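J.: Fold the following for me, if possible:
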Amino acid sequence: MTHTQAPCLPTGGPPAPAALRWVEECLGKGAEVRTVRALPGGTAHTNHALLVESGSGSAHRLVLRRWTSRETTGPRRHSAT
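T.: Below you'll find the model as predicted:
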């Protein structure tokens, strides 16, 4: 697992090209993101399923999680008790 100091992102947006390049760089020379699919759920984060092919041709199924800003997640709903 790699931790970086990244700014919070709005909910639901696709990964930026820079984020996808970062994933490719983590898997080494010749790696390429083949598919990106949004995953449901999450209010404090956005998840995308990635299929990444390494330079040797191996397929890697990964989840890219990006934390979102509380200001962009909208109002919270409270239940009456």
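J.: Can you point out the buried residues in stretch 58-68?
T.: Residues of stretch 58-68 classed as buried under the neighbour-count rule (16 or more other C-beta atoms under 10 Å) are 64, 66, 68. In short, each C-beta sits where N, CA and C put it, glycine included.
J.: so which helix or strand takes in the second one?
T.: Which is residue 66. For residue 66, the host element (DSSP states H and E) is strand 59-67.
J.: Name every sheet partner of that strand and say whether each one runs parallel or antiparallel.
T.: Here strand 59-67 is paired, per DSSP bridges, with strand 45-53 (antiparallel).
J.: Do a quick rundown of the helices in this structure.
T.: With DSSP state H applied, the chain shows helices at 17-27, listed in chain order.
J.: Quote the end-to-end distance of stretch 35-47.
T.: End-to-end distance for stretch 35-47: 14 Å, by C-alpha to C-alpha, to the nearest Å.
J.: Pull out the buried residues from that stretch.
T.: 36, 46.
J.: How about residues contacting the strand holding residue 66?
T.: Strand 59-67 is contacted by residues 6, 8-9, 15, 19, 23, 27, 34, 39, 44-54 when judged by C-beta atoms under 8 Å, 6 or more residues apart in numbering.
J.: make it 10 Å
T.: The set of residues that contact strand 59-67 without belonging to it, under C-beta atoms under 10 Å, 6 or more residues apart in numbering, is 6-11, 13, 15-16, 19-20, 22-23, 26-27, 31, 33-36, 39, 42, 44-54.
J.: are any of these buried, and which?
T.: So, by 16+ other C-beta under 10 Å, the buried ones in the contacts of strand 59-67 are 9, 11, 15, 19-20, 23, 27, 31, 33, 36, 46, 48, 50, 52-53.
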